[in-house]
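Take this sequence and fold it.
(chains A, B, C and D)
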Protein chains: 4
Amino acid sequence: MSAEREPLFDVHQLAHMELLTPNPEGTLHFFRDLLGMEETTRQGQSVYLRAYEDWYHHTLKITEAPQPGLGHVAWRTSSRAALERRVKALEASGYGEGWHDGDVGHGPAYRFRTPDGHPMELLWEVDYAEIPEDKRSPLLNRPQKRPLRGVPVRRIDHVNLLCSDVTKNKDFMMEVLGFRLREHIVLNDGSEAGAWISVSPLVHEIAFMRDATGARGRLHHVCYWYGYPQNLCDIADIFREEGIVIEAGPGKHGISQAMFMYVYEPGGNRVELFGDPGYLIFDPDWKPIRWTEETLAAGIVWYGGSLPAEFFRYGTPVVEGAEAKAAE
Amino acid sequence: MSAEREPLFDVHQLAHMELLTPNPEGTLHFFRDLLGMEETTRQGQSVYLRAYEDWYHHTLKITEAPQPGLGHVAWRTSSRAALERRVKALEASGYGEGWHDGDVGHGPAYRFRTPDGHPMELLWEVDYAEIPEDKRSPLLNRPQKRPLRGVPVRRIDHVNLLCSDVTKNKDFMMEVLGFRLREHIVLNDGSEAGAWISVSPLVHEIAFMRDATGARGRLHHVCYWYGYPQNLCDIADIFREEGIVIEAGPGKHGISQAMFMYVYEPGGNRVELFGDPGYLIFDPDWKPIRWTEETLAAGIVWYGGSLPAEFFRYGTPVVEGAEAKAAE
Amino acid sequence: MSAEREPLFDVHQLAHMELLTPNPEGTLHFFRDLLGMEETTRQGQSVYLRAYEDWYHHTLKITEAPQPGLGHVAWRTSSRAALERRVKALEASGYGEGWHDGDVGHGPAYRFRTPDGHPMELLWEVDYAEIPEDKRSPLLNRPQKRPLRGVPVRRIDHVNLLCSDVTKNKDFMMEVLGFRLREHIVLNDGSEAGAWISVSPLVHEIAFMRDATGARGRLHHVCYWYGYPQNLCDIADIFREEGIVIEAGPGKHGISQAMFMYVYEPGGNRVELFGDPGYLIFDPDWKPIRWTEETLAAGIVWYGGSLPAEFFRYGTPVVEGAEAKAAE
Amino acid sequence: MSAEREPLFDVHQLAHMELLTPNPEGTLHFFRDLLGMEETTRQGQSVYLRAYEDWYHHTLKITEAPQPGLGHVAWRTSSRAALERRVKALEASGYGEGWHDGDVGHGPAYRFRTPDGHPMELLWEVDYAEIPEDKRSPLLNRPQKRPLRGVPVRRIDHVNLLCSDVTKNKDFMMEVLGFRLREHIVLNDGSEAGAWISVSPLVHEIAFMRDATGARGRLHHVCYWYGYPQNLCDIADIFREEGIVIEAGPGKHGISQAMFMYVYEPGGNRVELFGDPGYLIFDPDWKPIRWTEETLAAGIVWYGGSLPAEFFRYGTPVVEGAEAKAAE
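Predicted coordinates:
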């Protein structure tokens, strides 16, 4: 009766990501003072941060580096046994790189790279944020009080990576790690220009988009979540007044149905902010949404403007000829 | 290394629920004209409906009956094999009742009852909604256009059942079906007054609350989802003008962090509407939130008024001495 | 002590406007079924409509005509005596055209034209909407229940007229009718490219913008008001699905701080919808906000995209070489 | 032709109000750190504050005093000549008290009291806020950048005063100062329990409500304005976490159609926050909305809970037997 392949539930969530920045003070100011994130600790050239509804020690590690870009992306499995299974699969895939001892905030992690070379890791043991008494909320399902700084984001949402070959990277994440394809853009020549994949009802914890510059392993953006459209407008006001370049939005994506805004943090990395819940996928047998060249306009931006040319070329590290949008 | 028990991912989502009503015309008017739901089909004494972002044939079946109350709750598994595994577990539990041939909109379903007697079923095969050409949306991840009637809800969210023994019913759902405990109320005598459990990042697809009247197997409410606080205000306006009794809200729950409103549909059943995304649980090793008598006030209503006495006693079918809140 | 000139309070509000349309069925569908407006009556080639929180017989008169465009704009004075005073001033100005007997919904009106030729009228006597019993709201400060159709607008807000000479038209409205200058765009050559003027705390009941085509007396848009940003998103969803062309937005203007969206109704006229309260001016000695070529970008769109080229050229009636934005 | 009395436009706006507090540090913390207001200056026992979209030197003066309560309410006229006219009328009314030299932030002011004894003043000359370069916004119609502290209110909205005789106080404001009656509550015995009056399209800049304790001259609340419902929820979150007592709301009033929340600032005064634009009155011949004992429930709270008993008795200074609502 059951010849169908069963879905894999071993990889469970986006645990954290590391952002490289040539301007650590500016980057920290952006995430801490404007997005209201909490600084957990500092070590070496890194600062560890979390949104006020993130439960773990950190979801963002900012590390000083000569160029902006992606440090790594970390995934938490659904159990210790699930981690062991996925490590075996990674080893078999040829993309595994081996265990390292962990970092501030989590236990041993298994390192690997996507076919395009984006550094990632898989882990099970995490430290939970230790919240001082005076920051604890009577709202027990909230790890700490809402900060009084800026317009505080609530939690990490997803990462979006540029790559030289969308299909290859997507297939790797699906086959080896169990991600499910939710939406993708298929051009008339049959190639995929973008793919949105997830291990949860979120439309994506990770997206791959084709790097128009031909570069490999770059970061398109990391996204934090508000869930309330008004908060996206509130922070847009602040960005305009503080000189943060808004690349696009607030607007509404067709793909993922998310209320979006893209900005450049002072270190040069693109950051997205989500202003609404979008839609969630509960169907265990989901048929991926296929956007074509004909239907794509509605998918990219459902309403609220359009995406500028930079959106399709700018990534970090920066490549010559694909610079950021200038401030107005 | 991995002695911990692994989580079970066999039950995947709330597929639909059946509502009994002594006033089918009134109930239909409520869901179709005010909440903007779509009528899929009628058969016998039943009308089948779905919200415009529900993908399946129906998420709500309204059946004429002498008393309001719960018809049944249906869950979809993550695969055909998962269904087989859960049926075996149900048979072993003593709560299984056997297969029936299915209904309009889905294939074979296995019937069972909670310890308190709430009828439920488990299924894998579902029919997807067939949307006529003129109702299809260019937004491909939306099964149909947003209706122009009322303030349309987007999807089914959860059910809340009253029961004589919260712990017993919760344990059954957790042990046999793999639900995970997200939040609960534990009284000073150690007993559970309410439990919110889920198989997805939603805080609950089902909640059990203690029936203060001592009755068994009753319905507290079914909930549909907007995701936008303003839409909750929009429909509140309409309810006030159309004579629909608002029992409580709009307000904000502490438990689940949901923007809520409770109303009575004309058949007498309580319906909840969710106005925001609340919070989602991605941690695979979630420590359940425990509300006590001391912390409960913040949990029940975080802000926006309080719950009236009826909230804790009224359910369907109605029991003597526990009537609905009167219209103002 | 008081040599300063006192402000004039004789003209009190935008009473209604008449829109010409070559597609009366389409235009009516747009305002009635999508924007949820109420049809009050029909007479000759005209249909009279009001938003559900408009108190008067109508705020919009739709009249069939070979070309889209402005029929007329009507202003109500603060008293009968104020009407008499303003009529004298209009007669003295040379722009008065004389009394006519009124129309369905109001009493005698005095006709005049702006220097650019836009037809206008001034009146005191108005008929209030007669609301049938079953449409009356228990909310006594709301003339009728919120309609269940579309996403209903709440009230008329303002009109925006294209003209060959902004300063001349603005000065006429200020000097003869007592409008006050709230914001304007002054180019480097000293000429005004746009002026926003009002007789109330609204930033404008009327704006004049320079017609880049050099034409005279055209309509840029009429605006209806929601006051809630989410409703602007709700109707944007519907516009996308119903094939209504969104020219720009939702976004946020700097000028007036309004959350805006511009669409073309099926008759070809541009319609704006306001999604938030913007800001209000209570200072009786307001210093007009002066936008220059240097600061203008922030004024036109504060966040949420940009205005397309058509915005600055398209008006009704349409002039050759300045057509509407095409549907995507 | 024009026997009707013409409306008076001499009093133009609520300019500022003074709040007495026995806990100046707590009161300042509330307005500056939670509501994001700006401190302009300090002098003697007073601190002067403004919301970030208030244009004048201050709209709130906080003065240390043994008891909480109202210092005074100040109104700005529409011109210098209008001030002279109103002073004459006040002198003739017997409620005038004479000129004083002004205060930090404004010029000479004429002092008077309502029949109930609430101190008020009328003025024309005001100082505008001097905004340092680094706080100026590129949004030229906003006097300064949106602060990064708390959830910043945008502007002062209205004051609500308790009094022993609503009709007498209301009539005084209408006859001597030109306020217009917008809504009122008329009990079955013909007496007025509350009256909302204004000189602008706002439903009220001032309300009078009957003091159930029989006391005279007390303050019910002062209200600041957001205009965005979500911001009301944002600050409600913070109030709950910071231990500020929410007396009622967020909810929606029928009277004024305002999204409201009432809290006690640490000095003991009730403060209201407005979360939406409510409705505006542009009709120059407005028929006051009359709420009766039969229709009142809908007027007091349209949706979102109910008002607690304290709402109708608590005011400042506090009278014995009419204490504030306790924290949960």
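
How about the strand of greatest length in chain A and chain B, any contact?
Longest strand of chain A, by residue count under DSSP state E: strand A:11-21. Yes. Using C-beta under 8 Å from any C-beta of the partner chain, strand A:11-21 reaches chain B at A:12-14. For the C-beta atoms, the positions are set from N, CA and C on the backbone; glycine is no exception.

list the contacts for the nearest residue to residue A:13 once chain neighbours are set aside?
The spatially closest residue to residue A:13, leaving aside those adjacent along the chain, is residue B:282, at 4.0 Å (C-beta to C-beta, 6 or more residues apart in numbering or on different chains). By C-beta atoms under 8 Å, 6 or more residues apart in numbering or on different chains, the contact list for residue B:282 reads A:12-14, A:200, B:201.

do that again at 7 Å, thanks
A:12-13, A:200, B:201 (C-beta atoms under 7 Å, 6 or more residues apart in numbering or on different chains).

and these as JSON lines, adding pLDDT and neighbour count?
Shown next, in JSON lines, are the contacts of residue B:282 (pLDDT from 0 to 100; neighbours: other C-beta atoms under 10 Å in any protein chain shown):
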{"residue": "A:12", "pLDDT": "98", "neighbour count": "25"}
{"residue": "A:13", "pLDDT": "98", "neighbour count": "23"}
{"residue": "A:200", "pLDDT": "98", "neighbour count": "20"}
{"residue": "B:201", "pLDDT": "98", "neighbour count": "19"}
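
JSON lines please, covering those and showing distance to residue D:7.
Listed next are these as JSON lines, based on distance: C-beta to C-beta, whole Å:
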{"residue": "A:12", "distance to residue D:7": "67"}
{"residue": "A:13", "distance to residue D:7": "63"}
{"residue": "A:200", "distance to residue D:7": "61"}
{"residue": "B:201", "distance to residue D:7": "58"}
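
What is the neighbour count of the closest residue to residue A:108 other than its chain neighbours?
Using C-beta to C-beta, 6+ apart and skipping residues adjacent in sequence, the residue nearest residue A:108 is residue A:102, 5.1 Å away. The number of residues packed near residue A:102 is 15, by other C-beta atoms under 10 Å in any protein chain shown.

how close does residue A:102 sit to chain C?
Applying C-beta to the nearest C-beta, to the nearest Å, the value for residue A:102 to chain C is 41 Å.

Make sure residue A:208 is indeed in a strand.
Yes. Using DSSP: H, G, I helix; E, B strand; the rest coil, the assignment for residue A:208 is a strand.

what pairs with it across the strands?
Listed by DSSP bridges, the beta-bridge partners for residue A:208 are residue A:161, residue A:195.

Residue A:193 is in contact with that one, correct?
No. Using C-beta atoms under 7 Å as the test, residue A:208 is too far from residue A:193 to be in contact (9.6 Å).

So for those two, which sits in the more crowded spot?
residue A:208 (29 against 18).

residues touching that one, list them.
A:161, A:163, A:166, A:169-170, A:194-195 are the contacts of residue A:208 under C-beta under 7 Å, 6+ apart.

how about a markdown table for the residues you listed, with pLDDT and distance to residue D:55 added?
Listed next are the contacts of residue A:208 as a markdown table, based on pLDDT from 0 to 100; distance: C-beta to C-beta, whole Å:
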| residue | pLDDT | distance to residue D:55 |
| --- | --- | --- |
| A:161 | 98 | 47 |
| A:163 | 97 | 52 |
| A:166 | 98 | 53 |
| A:169 | 98 | 54 |
| A:170 | 98 | 54 |
| A:194 | 98 | 47 |
| A:195 | 98 | 51 |
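
Can you tell me which of those residues is closest to residue A:221?
For those, the closest approach to residue A:221 (C-beta to C-beta) belongs to residue A:161, at 9.0 Å.

what about the closest one, neighbour count?
25.

so how far is residue A:172 from it?
Using C-beta to C-beta, to the nearest Å, one gets 12 Å for the distance from residue A:161 to residue A:172.

Which neighbours do those two have in common?
Joint contacts of residue A:161 and residue A:172 (C-beta under 7 Å, 6+ apart) do not exist.

Verify the contact between residue A:95 and residue A:113 for me.
Yes. The criterion here is C-beta under 7 Å, and residue A:95 meets it with residue A:113 at 5.7 Å.

list the buried ones in stretch A:121-132?
Neighbour-count burial for stretch A:121-132, with 16 or more other C-beta atoms under 10 Å in any protein chain shown as criterion, is recorded at A:121-124, A:126, A:129, A:131.
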